[in-house]
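> okay, here's the prediction I keep looking at, along with the sequence it came from:
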Amino acid sequence: STTGITASSELLAHRRVYEATGARAILHGHPKFAVAMSMLCEEPDCPVKDCWKDCTRVRMLGDTPVVAGEIGAGGLAVRVPPVIGGPGKAIVYGHGVFTVGRDGFGEAFRAMVGVEDLCRADYFLRFHSRTRGQSKSE
């Protein structure tokens, strides 16, 4: 449940990202394709059952790291800062996207749009691939 989570519930995560990157801007959003694609894990027989908060593996969607982290409990403050520095972006499993702008808002916004565009394209590529495969086998 997200009851009790307020707009400032991720303040610690934002602060740690600023400390780790020196960014002038941080965006945090919940773009639908990035969130949906972040939940795609192709790890067979994974023993981790609460992937959204307990998975320690960093996966990649394109050049964007995907990490687990419990929202509102400090998990994002631990998992996001170590991976966001290089690419300037990170996706939190089933939750949303963090992007940074070292020069300001525009850079962070373009990164957010870029992540969502990549995830949208990947989603439809996979969808069309599966539907074409089904029609051939019928």
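Good, I have the coordinates. Residues are numbered from 1 along each chain as shown.
> tell me the buried residues in the lengthiest helix in the chain?
Counting by DSSP state H, the longest helix found in the chain is helix 105-137. For helix 105-137, the neighbour count (16 or more other C-beta atoms under 10 Å) marks 107-108, 111-112, 114-116, 118-120, 122-123 as buried. Every residue, glycine included, has its C-beta placed from N, CA and C.
> next structured bit after the worst-scoring helix or strand of the chain on mean pLDDT?
Scoring the helices and strands of the chain by mean pLDDT, DSSP states H and E places helix 51-54 at the bottom, with a mean of 72. Counting by DSSP states H and E, the next helix or strand C-terminal to helix 51-54 is strand 59-61.
> can you pull the contacts of A34?
61, 91, 96-97, 115-116, 119 (C-beta atoms under 8 Å, 6 or more residues apart in numbering).
> give me the three-state assignment for the most centrally placed residue in the chain.
By C-alpha atoms, centre = their mean, the chain has its centre lying nearest to I91, at 1.1 Å. Under DSSP: H, G, I helix; E, B strand; the rest coil, I91 falls in the strand class.
> any low-confidence regions in the chain?
1-9, 72-73, 133-138 (pLDDT under 70).
> now with 90, please.
Within the chain, the stretches with pLDDT under 90 are 1-14, 40-57, 69-78, 129-138.
> from P44, how far off is A34?
24 Å (C-beta to C-beta, to the nearest Å).
> same question, I26
35 Å.
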